[in-house]
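>>> Attaching a predicted model along with its sequence, questions to come.
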Amino acid sequence: MATTVQPPTVKEIEKRSVPETGSGNGGWRPQGGDQRLLQEYAPPPASTGIWVGLAAISMTFAALTSALIVRKGGAVDWQHFTLPSILYLNTVVLLASSVTLELGRRRIAAYMGGLRTTVQHPARWLYITFSLGLLFVAGQYIAWRQLSAQGLYLATNPSSSFFYVFTAGHALHVLGGLGGLGRAVRKLNHLDLRRSTLDATARYWHFMGALWVYLLVLLWMKL
Amino acid sequence: MHDISHAHAAHHAPTSFIGKYVFSLDHKVIGKQYYGLAFIAVLFGMFLSWLMRLHLGWTNLPIPGLHLLSANGAPGNVMTPEYYLQLMTMHGTIMVFFVLTTAPFAAFGNYFLPIQVGAEDMPFPRFNMMSFWITFAGFIVLVASFFTGDGPTLGGWTQYAPLSAVGTVGGPGEGLGVVLWAASIALFCIGQLLGSLNFITTTLDMRTRGMSLWRLPLSVWAWFITSIMGLTAFAVLMPACILLILDHLAGTSFFVPSNLVINDQLQPHAGGSTLLWQHLFWFFGHPEVYIAIVPGFGIVSHVLIPNMRRPLLSHRVMIYSMVALAILSYMVYGHHMFVSGMNPVSSIAFSFPTLIITIPATIIVLIWLGSLYGSRLRINSASLFALGFISMFISGGVSGFFLAQPSLDIMLHATYFVVGHFHMVMAVAAMFGIFAGTYFWFPKMFGRMMNDTLGKVHFWLTFVGTYAIFMPFHYLGLAGNIRRYQAFAPDYMQPFIPVHKAITVAALLTGAAQLIFVYNLIHSRFWGKPAPLNPWEATSLEWSTPSSPPPFDNFGGKLPVVYHDPYQYGIEGSSGDYVMQTSPEQIHTKSDEA
Amino acid sequence: MAKLFAITIIIIAILSAVPIVRHTWWTAEDISSHGAPIDEQMSETMAEAGVLFLASQILLGVFVWKFSKPRVGQPIKNFPGGAMSLVIAAFLLVGTEVLALGAFGAKAWANIYFKPPSADAMPVQVQAGQFAFYFRYPGPDGKFGPTHPDMISEGSQNFFGLDTSHDPDSKDDIVTAEMAIPVNREIHLLMHSKDVGHAFFVPELRVHQDFVPGLDLSMHFKATKVGKYEIVCTQLCGLGHYNMKAYLYVMSQQDYDDWLKKEAALQ
């Protein structure tokens, strides 16, 4: 199984030396030959897993995007409205959180790589990322309040409906990302954090940022 | 860094009852839980079909006790038209989701995928456990709609808008019933997404030493391909259900156009798109029916091969064909919408991939037939059901030739021809796959053999019975018998009614025959003959576990090492007529075209 | 048991083919001007599908019979030509067949859907609603009056929501519960749904089209034989779906004119 954050064991097995061949030779392999090197490396499950999860999330937002395009295309009642300007500030906050997450990840990698005595507060940047994430969600909430102050609610008109659905859906997934960050911090504090877990959590978080930029452009263009 | 050279349990064996049997993290327990869920669901779904068939044959017949199920739906025990539609909707929903997706994929896949790749468990056991319980919660929410307000929704498992979105004005069950349906399906989707996550990562990352992708058994390939389809399909249905719920509860108009008048009341909706629901639903819906059948392909191959004592004529062609089928399945969904009012050019566009998809499907059948040639076929309950699957899939697939063409769909859309087609491929073929898997894997799961004589009786009654039920559907459809009718009111449909009566008799008899299977399953579980470790003399990793059922970590502390392809039978120069994947025996063969 | 399987499957396959060959239950007679290519397509497909069905079921039975009692020590044999021959057979036989079907079927479809209605097609409007069809003829002025959804009332039989007091075009519109059309005259059917999804299907007329709420569609066709036919709803619309139907009368031009006059008097 993947190594946990124990005494530094920087033992990376990078590549397969024996190419993966299939059954072309009838399936026989030399006994006691280079068996050890076959299949000894596989990507850590957390890494594959997070890509699978991100694929599913992408499909969900793709479905909603096509719903938006179809709905707008066929409608005579589409009403444009201006996106609340706080959204742009929220975008900056979320993108900044990706930066801080990367800073934190490198720091923790160094920590895990054996520099435990010289790296102080390895989780510091994770806490900052977490706070920025919370700030983003709070900012989204303010955007909703601003919209409802203009009389634009979920059911007011189709464009407002899609706005709320997209932003709420994204915010929900961001909350999930916050949960992942919290879990990573907790594991780090128990010296139980795998590199693959941290990387997967980070990848998810960066995807939330990229997804948000995509949504912002989509909403700006279509709504 | 993922060192698999030593084995230690990813999670420890639980000791409490709750940990062992309820919230278990063990994929084998989760697999059995899914099987149990599918088992309950299929019995309930079959019971609903009996009620439907009785009503179709004898529309005004009082069915004793029916008013206990619903006082509104069956006053004086006579089923109302709306109750028929409600039962029909629940029948379809339960069968498609909680039986045909659950049993061949979630149940057998969860149990055997990790073992067949040589892993101790899936990499995310907690997600796996959640996946079952979320799916189970979905089932409970769906069944709950029977006991609420005016009952379950009546809009069919396809829940077309605007009927599904306008609320209670649309009819009984169209308010809370739809919301519960959509919530149940959304939960199901989430559960299956978590399951797909585990299946994909297990197949890619958890294979033991020596287990290359080409050495995976065909059942693993089938589950792997299915889980990728599931990932994309369920992730689209879930937001569609959420939008539908919003149309109900939040006053949005995603799917409801303006200016609708129901009961002389103008409906307060604006500008939604009816066709949008159909596009979203069928983008999911078509891959979904392949999700229901592809695991069956894997199981049939996996069961037939040891019973033929030879590998398939071409292992790789089978894999490529399943992959091609899965890819094409995304391009065909519009064939459910040929006369829906979408652009007629789109209908032509969708019909071509639909016709082309017959090619990989044909190749799959021909590979099976070609492998039977020159084999040493063994007949037992499992192999009979696998052979039956081939026959059923041919029958169901051939009617697809008609439905793939928009010009013929003019005559066949929404008729019993369609109902016959999908019952043959799903209700029968996919069920046969489940039966084959059950008879085959039961000895490994429970350490006992199922009674083979009873299994054969079960096969014969079911094989002949299902043909007797569903073949006539095609004729009725050709003649214009419309589906989803609770009674046959138009003049030209009167001659069909005696045919329906005969079908009902066949359905009730065939349903009764399933009790043989139920008895066999339960009796063998406790009192079946103890099974040898490898009763079928098969080669894949599940048959090399040190016990039946396998120990907690599947292999008793030491992960297997794989030296061979999955189906080394009839190998010249070996010491027996088969070589297990883990056998260190060396074989000198010329390379086969695997 | 293998022999039993083979015999059973071959019997079932042949029995299944019998009602098809004998046309025991078959599509209704074609009374449309565009139906011949559809029927030809149906026969072609039936022949090809039938051959594939019979051949594969019989082959399955024969192989199960032949290869289930192997002699001791009999080696495994490969199908002659191996998998490649089967793949090629699939592409050549099935592939070319389905593409041919697709191409010819597309022509039959295009014949119906890609041709606009002729200029002198007779317009008739059909409105589908839970659970009945109503029809509207434009009357002598040849114009349909506007509909007002808020004025629709089943109770007062104003099915289309016409405002005859304010809309002059509505005054001579003729609303009926049965549809009549003159034979050999092209009809332009304007389709509108009042509430949920419905469909219009007349088997003999080879016409089948969903109504889409929020979208007004149209079809055009010509009936070639006088008679009484049924229009049935085929899109699940609620509890009365099974009973949602109307009669279609195809009449001679004279009879149709008389019928229309009679209906006009009843407005």
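Nice, thanks for sending it over. Residues are numbered from 1 along each chain as shown, chains lettered A, B, ... in the order given.

>>> so what's the residue of the stretch 1-150 of chain C found nearest chain A closest to, chain neighbours aside?
Residue nearest to chain A within the stretch 1-150 of chain C: residue C:83 (13.7 Å; CB to the nearest CB). Every C-beta, even on glycine, is put in place using the N, C-alpha and C of the backbone. Leaving aside its chain neighbours, residue C:83 sits nearest to residue B:314 (3.3 Å; criterion: CB to CB, 6 or more residues apart in numbering or on different chains).

>>> Number of residues surrounding that neighbour?
Using other CB atoms under 10 Å in any protein chain shown, residue B:314 has 23 other residues around it.

>>> what do you get for residue B:92?
Neighbours around residue B:92, by other CB under 10 Å: 18.

>>> element containing it?
helix B:81-93 (DSSP states H and E).

>>> Pull that helix out as PDB, backbone CA atoms only.
C-alpha atoms of helix B:81-93 as PDB (Å, rounded to 0.1, in the frame of the first residue of the first chain):
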ATOM      1  CA  PRO B  81     -56.900   3.600 -14.900                       C
ATOM      2  CA  GLU B  82     -54.600   5.900 -13.000                       C
ATOM      3  CA  TYR B  83     -53.600   3.100 -10.600                       C
ATOM      4  CA  TYR B  84     -52.600   0.900 -13.600                       C
ATOM      5  CA  LEU B  85     -50.300   3.700 -14.800                       C
ATOM      6  CA  GLN B  86     -48.900   4.200 -11.300                       C
ATOM      7  CA  LEU B  87     -48.100   0.500 -11.000                       C
ATOM      8  CA  MET B  88     -46.600   0.500 -14.500                       C
ATOM      9  CA  THR B  89     -44.400   3.400 -13.700                       C
ATOM     10  CA  MET B  90     -43.100   1.700 -10.500                       C
ATOM     11  CA  HIS B  91     -42.600  -1.600 -12.300                       C
ATOM     12  CA  GLY B  92     -40.400   0.000 -14.900                       C
ATOM     13  CA  THR B  93     -38.500   2.200 -12.500                       C
END
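
>>> moving C-terminal of that helix, what's the next helix or strand?
helix B:108-117.

>>> quick one, strands of the stretch 1-150 of chain C?
In the stretch 1-150 of chain C, the segments counted as strands under DSSP state E, counting those that start in this stretch are C:122-129, C:132-137.

>>> what's next to the shortest one, contact-wise?
So that's strand C:132-137. In this structure, residues lying in contact with strand C:132-137 by CB atoms under 8 Å, 6 or more residues apart in numbering or on different chains are C:124-127, C:144, C:159-160, C:173-179, C:200, C:231, C:233, C:244-246, C:260, C:263.

>>> and the angle for it with strand C:122-129?
150 degrees (axes from the mean of the first three to the mean of the last three CA atoms, to 10 degrees).

>>> Could you tell me which strands strand C:132-137 is paired with, and in which direction each runs?
Using DSSP bridges, the strands paired with strand C:132-137 in its sheet are strand C:122-129 (antiparallel), strand C:174-176 (antiparallel).

>>> which one of those is the most hemmed in?
strand C:122-129 (a mean of 21; mean count of other CB atoms under 10 Å in any protein chain shown).

>>> what does that one contact?
Under CB under 8 Å, 6+ apart, the answer for strand C:122-129 is B:261, C:133-138, C:144, C:159-160, C:179, C:181-182, C:185-195, C:198-200, C:211, C:233, C:237, C:244.

>>> what do you get if the cut-off is 6 Å, keeping everything else the same?
The contact list for strand C:122-129 (CB atoms under 6 Å, 6 or more residues apart in numbering or on different chains) reads C:133-136, C:185, C:187-195, C:198, C:211.

>>> now the strands for chain A?
Read by DSSP state E, chain A holds no strands at all.

>>> what's the weakest-modelled helix or strand in it?
helix A:86-112 (a mean of 91; mean pLDDT, DSSP states H and E).

>>> just checking, what packs against that helix?
Under the contact criterion of 3 or more CB pairs under 6 Å, 6 or more residues apart in numbering or on different chains; DSSP states H and E, helix A:86-112 touches helix A:124-149, helix A:195-222.

>>> go again using 8 Å as the cut-off
With contacts defined as 3 or more CB pairs under 8 Å, 6 or more residues apart in numbering or on different chains; DSSP states H and E, the packing partners of helix A:86-112 are helix A:124-149, helix A:158-189, helix A:195-222.

>>> so where does the nearest residue to residue A:70 once chain neighbours are set aside fall, helix or strand?
The shortest distance from residue A:70 to any non-neighbouring residue, by CB to CB, 6+ apart, is to residue B:276 (4.8 Å). Residue B:276 belongs to helix B:274-308 when assigned by DSSP H and E.

>>> Would you mark the buried spots in the following helix or strand past that helix?
Downstream of helix B:274-308, the first helix or strand assigned by DSSP H and E is helix B:315-328. Neighbour-count burial for helix B:315-328, counted by 16 or more other CB atoms under 10 Å in any protein chain shown, picks out B:315, B:317-319, B:321-326, B:328.

>>> Just the closest of these to chain C, please.
Nearest to chain C out of those is residue B:317 (CB to the nearest CB; 4.8 Å).

>>> All set, thanks.
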